[in-house]
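# Provided below are the primary sequence and the corresponding predicted coordinates.
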Amino acid sequence: MRIHFIAIGGSTMHNLAIALHKQGHIVSGSDDEIFEPSKTRLRNYGLLPKQEGWNIDNITTDLDAVILGMHAKQGNPELEKARELNLPLYSFPSYLYEHAKDKTRIVIGGSHGKTTITAMILHALEKNQIDTDFLVGAQLEGFEVMVKLSRDTEIMIFEGDEYLTSATDPRPKFHVYKPHIALLSGIAWDHFNVFPTFENYVDQFRTFINLLPDSGSLIYYKEDRVLQNIVSEYTGNARKVPYSITNNETRHGKTIVHYNGKEYPMEVFGDHNLKNMQGAMLICKEIGLAPEDFFRAMSEFKGASNRLEKIGENKTTKVFKDFAHSPSKVKATAEAVKNQFPNQPLVGVLELHTYSSLNKEFLNQYRGTMEAVDTPIVFFNKHALELKQLPMLEKRHIYESFNNENIEVFNDREKLETFLKSISWENKNLLLMSSGNFDGMDKQKLCDEILS
């Protein structure tokens, strides 16, 4: 098939493009801006567009499919040309559904933890030689791509994002996949630009649950009050399986999971990871993997890229980076590091980068989220505000919203780096939290300088 990607540089889009290329399809693409690591990965497979920008000459009658990324907006010239030619047009979620419509579809949803849960499931299945198709939102150790499509497997596992599908399809992505088995990890308001009220946001999860067939299963985190409420409202016949945190202890800075009289030492730590692990175990059990085999595989799991990922350490200091950006993720991640290393002061840096986090109306949701951090720092980038066409933030808005008298606020990357380098790092840990890149900060270089 000849397949063209409009906005090929997206995280999932470029991985899907690579997956289809590896299957032998003829893949082309375009984008007006492509960042790393997408750029290098596309170049390595010969899929990087020769020039940035949109070009209607890319859209021709011999295309079998056009896949539209979220970055491409209404009025995109290539999109309009594809419509004029009446070409088969898909969002990447709808394309993946078409691929998996005759398979058992397992969808991992929730406001937080879905990437990690999906990664844990895939790691355990890989270690136990159980083959599935999948979509996951981060690069995983031992996996070449974040999307796998095949004809032979009977199951596809989706990380189910609640954000919109594309400029032409306003459904949340996880609705498109129509699950047979679903997991929900919890609900905490996010995507303020699309769901301006909390109730509107919660409604997306109600709809998701109601998509389950009567023969399906819903695995859900029972300690989340909002999630518990909407599950109690559900009147369908799908089986409901609640879960909580897996049984564990921390011993000499190492997390040990207890199951059925046996101990399993883990590389990952923190309550949120152990909640995620219990949910992942139940999904694997649905597939037929024994819990003992799951936890044995988990002993080697080091986490998904950017999810509480340790990027450096010396004898007294550890440096972590995390994708945390929403209030619930920031709080959980900060508490995880502090609880694991309670005797070491924690320096935590949060970049406000998403539309929600940069919006003055949403900022007060961050109140109390960095209480576990001994030196809390918030960074925001004026350029990000301009790109999102948001009013400029003042530092006072940060102070008022976080309500933390110890907080330091920066909107200049160089000043932030200078401040971090001035700290005496003996017996301290650093946590960098962002879904962005701190205005181009080289996090690994900063880490190496701090540790040296």
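The structure has been received and is ready for your questions.

# and stretch 140-157, which residues are buried?
Leu140, Phe143, Val145, Met146, Val147, Lys148, Leu149, Thr153, Ile155, Met156, Ile157 (16 or more other CB atoms under 10 Å). All C-beta atoms are positioned from the backbone trio N, CA, C, and that covers glycine.

# now those residues in CSV, with distance to Gly113?
Shown next, in CSV, are the buried residues of stretch 140-157 (distance: CB to CB, whole Å):
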residue, distance to Gly113
Leu140, 15
Phe143, 19
Val145, 22
Met146, 17
Val147, 20
Lys148, 21
Leu149, 25
Thr153, 24
Ile155, 21
Met156, 20
Ile157, 15
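
# got a list of contacts for stretch 97-110?
If you take CB atoms under 8 Å, 6 or more residues apart in numbering as the criterion, stretch 97-110 is touched by 90, 114, 117-118, 121, 133, 149, 153-162, 174, 176-187, 205, 208, 221, 227, 283, 286-287.

# only the buried members of the residues you listed: can you turn that into a ChimeraX selection?
The buried subset of these, as determined by 16+ other CB under 10 Å, is captured in ChimeraX by this line:
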select :90,114,117,118,121,133,149,153,155,156,157,158,159,160,161,162,174,176,177,178,179,180,181,182,183,184,185,186,187,205,208,221,227,283,286,287
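
# in helices, which of the contacts of stretch 97-110 fall?
Lys114, Ile117, Thr118, Ile121, Phe174, Val176, Phe205, Phe208, Leu227, Ile283, Glu286, Ile287 (DSSP state H).

# using pLDDT, spot the least trustworthy of those.
Lowest pLDDT of the ones in helices among the contacts of stretch 97-110: Lys114, 92.

# which residue, other than its chain neighbours, is closest to it?
Nearest residue to Lys114, sequence neighbours excluded (CB to CB, 6 or more residues apart in numbering): Ile108, at 4.8 Å.

# do you know how far that neighbour is from Lys329?
Per CB to CB, to the nearest Å, Ile108 is found 16 Å from Lys329.

# more neighbours: the two, which one.
Ile108 (33 against 22; other CB atoms under 10 Å).

# quick revisit: any idea which of the buried residues of stretch 140-157 is the one closest to Asn314?
Among the buried residues of stretch 140-157, Leu140 lies closest to Asn314 (CB to CB), at 26.7 Å.

# still on that earlier bit, between the buried residues of stretch 140-157, which sits nearest His21?
Val145 (9.9 Å).

# so Ala182 sits right up against Ser217, yeah?
Yes - at 7.3 Å, Ala182 and Ser217 qualify as touching, with contact defined as CB atoms under 8 Å.

# CSV for the buried residues of stretch 140-157, including pLDDT?
CSV is the format used below for the buried residues of stretch 140-157 (pLDDT from 0 to 100):
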residue, pLDDT
Leu140, 74
Phe143, 80
Val145, 83
Met146, 89
Val147, 94
Lys148, 94
Leu149, 94
Thr153, 95
Ile155, 98
Met156, 98
Ile157, 98
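
# who's in contact with stretch 60-80?
1-10, 13, 16, 30-31, 54-56, 58-59, 82, 85, 87-92, 95, 163-168.

# likewise stretch 178-185?
Stretch 178-185 is contacted from outside by 97, 104-114, 117, 158, 160, 205, 208-209, 211-213, 215-221, 224, 227, 231, 275-276, 279, 282-283, 286, using CB under 8 Å, 6+ apart.

# export it to PDB, keeping only CA atoms.
C-alpha atoms of stretch 178-185 as PDB (Å, rounded to 0.1, in the frame of the first residue of the first chain):
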ATOM      1  CA  LYS A 178     -13.800   0.000  21.500                       C
ATOM      2  CA  PRO A 179     -12.200  -2.200  24.200                       C
ATOM      3  CA  HIS A 180     -13.100  -5.700  25.100                       C
ATOM      4  CA  ILE A 181     -10.900  -5.500  28.200                       C
ATOM      5  CA  ALA A 182     -10.300  -2.100  29.800                       C
ATOM      6  CA  LEU A 183      -8.200  -0.700  32.700                       C
ATOM      7  CA  LEU A 184      -8.700   2.700  34.300                       C
ATOM      8  CA  SER A 185      -6.000   3.900  36.700                       C
END
